[in-house]
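>>> Got a predicted structure here, sequence first:
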Amino acid sequence: MRKLIIRDPEIMKVAIQCEIERSEDSRYDHRLHGVLLVCDGRSCYEAAEMLGHSPRTIQLWVNRFERIGFEGLRDGERLGRPGRLDAKQLKRLGKDLRRDARELGYSQNMWDGKLLSHHLSEAYGIELGVRQCQRLFGELGFRRRKPRPVMAEADRDAQMRFKKTQKAGTSGRRGDMEPG
């Protein structure tokens with residue numbers, strides 16, 4: 001049989017690897033091929049070269065296959081890094097966040113990432129960055145709210161009178177036209 005040629009083999013190799021990664025079944029089959037190559041007498045280095053992975057990856061697949069069997073080659077639950085707060089602490093923190101921050105002795109009344117980071121450090125002994133604290137708000141079901149800015153030296157009574165005297169459908173800004 002004559003040698004077959006694939007146009008743009010380097011580009012196609014990357015495209016095929018991406019296609020394998022898209023499907024859980026494809027990843028499982030791919031790992032089976034890696035173990036099969038080792039069963040056939042190939043080294044982890046040879047199998048890695050053929051499949052486009054590191055030798056360490058092939059070694060991990062073979063070791064999992066030896067320990068667990070076929071199920072060891074399937075995708076498991078990906079847990080990620082464990083959280084810094086346990087379930088009990090998260091529940092308590094949720095209760096803290098539902099309270100006004102001033103009730104807990106802070107000078108501001110609204111929670112933000114910076115204040116939450118400080119609170120976690122003081123009350124729980126846990127150091128988290130501001131950005132991680134912002135993510136924690138979402139995880140606990142809170143949404144971001146920004147306080148409305150207050151103009152320095154503004155006359156609140158004059159503002160309220162202005163709002164009450166506006167005609168419906170106008171904003172009171174210069175250039176707005178009133179209905180004729």
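Received it, and whenever you're ready, just let me know what you need.

>>> Quick one: low-confidence residue ranges for this protein.
77-79, 146-147, 150-152, 164-180 (pLDDT under 70).

>>> ok now the longest helix along it, how far from the chain's centre?
In the chain, with assignment by DSSP state H, the single longest helix is helix 24-39. Chain-centre distance of helix 24-39: 29 Å, with CA atoms, centre = their mean, to the nearest Å.

>>> tell me what that helix is packed against?
helix 9-22, helix 44-51, helix 55-68 (3 or more CB pairs under 8 Å, 6 or more residues apart in numbering; DSSP states H and E). The way it works is simple: take the backbone N, C-alpha and C, and place the C-beta from them, glycine included.

>>> name the element the residue nearest to the spatial centre of the chain belongs to?
In the chain, the C-alpha nearest the mean C-alpha coordinate belongs to R135, at 8.1 Å (CA atoms, centre = their mean). R135 is located in helix 130-139, with elements delineated by DSSP states H and E.

>>> Please identify the buried residues of that helix?
C133, Q134, L136, F137 (16 or more other CB atoms under 10 Å).

>>> Format those residues as TSV; extra columns: distance to G80.
Below are the buried residues of helix 130-139 laid out as TSV (distance: CB to CB, whole Å):
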residue	distance to G80
C133	18
Q134	18
L136	15
F137	19
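
>>> Which single one of those residues is nearest to K88?
L136 (15.2 Å; CB to CB).

>>> how many neighbours does the closest residue to the closest one other than its chain neighbours have?
Spatial nearest neighbour of L136, chain neighbours left out: L116 (6.8 Å); criterion: CB to CB, 6 or more residues apart in numbering. Neighbourhood size, L116 [other CB atoms under 10 Å]: 23.

>>> My guess is L116 contacts R131. True?
No. Counting by CB atoms under 8 Å, L116 does not reach R131; the two are 11.0 Å apart.

>>> Just checking the distance from stretch 43-62 to the centre of its chain.
With CA atoms, centre = their mean, you get 30 Å for stretch 43-62.
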